[in-house]
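Q: Kindly return the folded structure for what I paste below:
(chains A and B)
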Amino acid sequence: MSSPLTVLPVIAPAIPELFTGVGALVLVLFGAVFGEKSYAFVRWLVMLVLAVALILVYLSSGVRVEAFNGAFVLDGFARFMKIAVLWGSLITLYIADSYLKDTKRQAFEFPLLILIATLGMMLMISANDLIALYLGLELSSLSLYVIASFDRDNVKSTEAGLKYFVLGALSSGMLLYGASLIYGMTGAVSFAGIAKALSSGVSVGAIFGLVFILAGLAFKISAVPFHMWTPDVYEGAPTPVTAFFAAGPKIAAVALLVRVIEQAFPGIETQWQQVIVFIAIASMGLGAFAAIGQKNIKRLLAYSSIGHIGYVLVGLAAGTPDGVAGVATYLAIYLVTSFGAFACVLAMNRNGHYFEDINELAGLSRTNPALAFAFAMLMFSLAGVPPLAGFFAKWYVFAAAVNAKLYPLAIIGVVTSVVGAYYYLRIVKIIYFDEPREAFTPAPVAIRFVASVAALLVLAFVLAPAPLVNAASHAAKSLF
Amino acid sequence: MDMSVAQAFFYLFSAVMIGSAIMVIVARNPVHSVLFLILAFVNAAGLFLLMGAEFLAMILIVVYVGAVAVLFLFVVMMLDVDFAELKQGFAKHLPLGIILGLILFVELAMVIGTYLVSTDATRTTPQLDTSVSNTEALGRVLYTDYVYYFQTAGLVLLVAMIGAIVLTLHHRTNVKRQNIAAQVARTKETAMEVRKVAPGQGL
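A: Numbering: from 1, shown residues only, chains lettered A, B, ... in the order given. Reported below is the predicted structural model:
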């Protein structure tokens, strides 16, 4: 019989997850006992749990350790991605409050579902075999389906949830099919076991399985050709939820994709590289062209996020430590920029009515210069204008692609980012040069704070890029 | 157990199970169909018992009979599905059904045939550790080797429950609810009033 002291090292790497999970269970009970009134308290407690989990992750070392018989892995890469995901959930809860209040959906389940989704994302990031991968993915996806339709009396919101659910179930099916093929061909579920079995030669069945797994994961990161759900879900879901979707779940799914590719299929680079290159080019192209005609800011940002996933995949396609470091840097910068942009979208409200048409922004520079400046800087950063953070994000992934001799991919990336700059600049033009409309209601502190901090970080990144870039390259090295 | 007794029970359970399975699809009344389904489940549980898989047998009864079949009954009785209408066009689709059935049958025959013919297929039956019961053997791995998956799956189910409640539960405000405290606190004075009614007039 093993005593508790011998068990502790076995579960120690998962302490942030255990803490989050136990916290979620306690708060479910708490909410159930105290009912609707407990929203504010549960929200603060969930933020506290997330903050403590963040500290626990910070405190963990970047040394690779496994737990639960190899189902769970903690390394520098997982640590970096978990920090990003936890920040994403914290910011979501911070900016969501006023929106939930205005739409009268201040239910205690909202912070709880965000907490459980975060736990699922942390499990995804640390998944080290196919079963853990699937369970983590489902735990986060199921929570996301529910919060997409959280504004349940709104037709668009329920439509978003239903669409996301049906298509998500389809993609999970593809992922499971691929996983079963891989297991059948290699006889292993652990990533290390799969890599070992494939090192002696690859069969057609294994490639089939690989493609299906990639298709399932491409759906979760909304890469073309599995992006169809994104504009509708982004438009229909409550705006803070959309902000959440654009950050945490994407980061977790990209992290999972990177880990699957680099640790389960490292020996068959030629096989997965063509798939990744194709979806990268298709996503960048669609993100650049399809957003041009959009009038709704949330749909526009949805297409923008599809395009950005394309750039992220450019770094992954390189398949080098530099490429993965580029991916990590890109995701961190995108997290900040995207939350800033969505905070600006949340500020587009007059007396509790939220507007999503981009023409409502007309003349914002005269009615609210500070918000206009923050919005413009964030748009410039998304477009990749130097010397803002978004430019460096693109720089690192393209540099990695060039070093890996993927010249056509890098050239297409640069061209599409020039095309994509058009619609970001159009928003800036509307803000600064169109006739002013009625002013928006002054936004709550949380939203102004997030928008200004994001704009500041985007502006100041050029002064001190080293901490982020070093952390990302350190994280990437732990995978190779 | 005596071999012949076990065999007798095997044939009894199998025969009743196949008979009730046929009745599930031919019974005219959908409620009878579900009841026959329950009978089939119970007999399948009996077959599991004969094989020494008592845990599976009990789970089959608890989960399938206790939950799934009762859920079916609810659906059948509450949704008022017109099964006669569903069965229309049965003759039209019969050829297609027969072809699909034949394909399935041929595939099954091929799988079993190759297994019987081939020499390199593994034919060893795993050695069962008979010193522990099924439940104990499952419990030993479920909470040790597979605790991570087991607990995560539990959380997934919790999310499903929270989600169903969040999306469907409406707290109605204009409904009169029973207030037990108020009921108990009633006295004769608050509940009753004696009024004199003049003859020929109402209140």
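Q: where do the helices sit along chain B?
A: For chain B, helices defined by DSSP state H occupy the ranges B:3-26, B:30-50, B:54-59, B:70-79, B:83-87, B:90-117, B:134-142, B:147-168, B:180-184, B:188-191.
Q: Report the mean confidence score over stretch A:354-366.
A: Stretch A:354-366 comes out with an average pLDDT of 91.
Q: Just the terminal-to-terminal distance for that stretch.
A: 20 Å (C-alpha to C-alpha, to the nearest Å).
Q: Buried residues in that stretch, which are they?
A: By neighbour count on 16 or more other C-beta atoms under 10 Å in any protein chain shown, the buried set for stretch A:354-366 is A:354-355, A:358, A:360-365. Heads up, the C-betas are built off the backbone N, CA and C, glycines and all.
Q: before we move on, what about stretch B:69-83?
A: Using 16+ other C-beta under 10 Å as the test for burial, stretch B:69-83 gives B:69, B:72-73, B:76.
Q: For that stretch, give the mean pLDDT please.
A: pLDDT averaged over stretch B:69-83 gives 78.
Q: quick one: that stretch to chain centroid distance?
A: Stretch B:69-83 sits 13 Å away from the centroid of its parent chain (C-alpha atoms, centre = their mean, to the nearest Å).
Q: Please apply the same query to stretch B:167-174.
A: 29 Å.
Q: Now do that stretch: distance from first to last residue.
A: 20 Å.
Q: burial of residue B:176, as a residue count?
A: Using other C-beta atoms under 10 Å in any protein chain shown, residue B:176 has 5 other residues around it.
Q: Residue B:147 now?
A: Other residues close to residue B:147 by other C-beta under 10 Å number 15.
Q: Out of the buried residues of stretch B:69-83, the closest to residue A:88 would be?
A: The nearest member of the buried residues of stretch B:69-83 to residue A:88, counting by C-beta to C-beta, is residue B:72 at 42.2 Å.
Q: The nearest residue to that closest one once chain neighbours are set aside and residue A:104: what is the separation?
A: Closest residue to residue B:72 apart from its sequence neighbours, by C-beta to C-beta, 6 or more residues apart in numbering or on different chains: residue B:34 at 4.9 Å. Residue B:34 is 42 Å from residue A:104, where distance means C-beta to C-beta, to the nearest Å.
Q: ok, now residue B:91?
A: For residue B:91 relative to residue A:104 (C-beta to C-beta), the value is 55 Å.
Q: ok, now residue A:80?
A: 38 Å.
Q: Hmm, residue A:297 and residue A:357 touching each other?
A: Yes: contact criterion C-beta atoms under 8 Å: residue A:357 and residue A:297 qualify, at 7.4 Å.
Q: Quick check: which ranges of chain B have low pLDDT?
A: For chain B, the stretches with pLDDT under 70 are B:1-2, B:81-84, B:86-87, B:119-126, B:128.
Q: who touches residue 49 in this structure?
A: Picking chain A for this. A:19-20, A:23-24, A:27, A:115 (C-beta atoms under 8 Å, 6 or more residues apart in numbering or on different chains).
Q: Not quite, go with chain B.
A: Per C-beta under 8 Å, 6+ apart, neighbours of residue B:49: residue B:57.
Q: ok, now the one 4 residues further on?
A: Contacts for residue B:53 were tallied using C-beta under 8 Å, 6+ apart; they are residue B:134.
Q: ok, now residue A:317?
A: A:273, A:276-277, A:280, A:323, A:401, A:404, A:406, A:409.
Q: At which residues are the helices of the stretch 201-350 of chain A located?
A: Using DSSP state H, counting those that start in this stretch, the helices found in the stretch 201-350 of chain A span residues A:204-220, A:229-236, A:239-259, A:269-290, A:297-318, A:321-346.
Q: Turn these into JSON lines, columns for distance to residue A:478 and mean pLDDT.
A: Putting these into JSON lines (distance: least, C-beta to C-beta, whole Å; pLDDT from 0 to 100) gives the following:
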{"stretch": "helix A:204-220", "distance to residue A:478": "20", "mean pLDDT": "93"}
{"stretch": "helix A:229-236", "distance to residue A:478": "31", "mean pLDDT": "94"}
{"stretch": "helix A:239-259", "distance to residue A:478": "11", "mean pLDDT": "94"}
{"stretch": "helix A:269-290", "distance to residue A:478": "19", "mean pLDDT": "92"}
{"stretch": "helix A:297-318", "distance to residue A:478": "16", "mean pLDDT": "94"}
{"stretch": "helix A:321-346", "distance to residue A:478": "9", "mean pLDDT": "95"}
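Q: Columns distance to residue A:432 on top of those, output as JSON lines?
A: Shown next, in JSON lines, are the helices of the stretch 201-350 of chain A (distance: least, C-beta to C-beta, whole Å):
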{"stretch": "helix A:204-220", "distance to residue A:432": "37"}
{"stretch": "helix A:229-236", "distance to residue A:432": "25"}
{"stretch": "helix A:239-259", "distance to residue A:432": "23"}
{"stretch": "helix A:269-290", "distance to residue A:432": "23"}
{"stretch": "helix A:297-318", "distance to residue A:432": "16"}
{"stretch": "helix A:321-346", "distance to residue A:432": "14"}
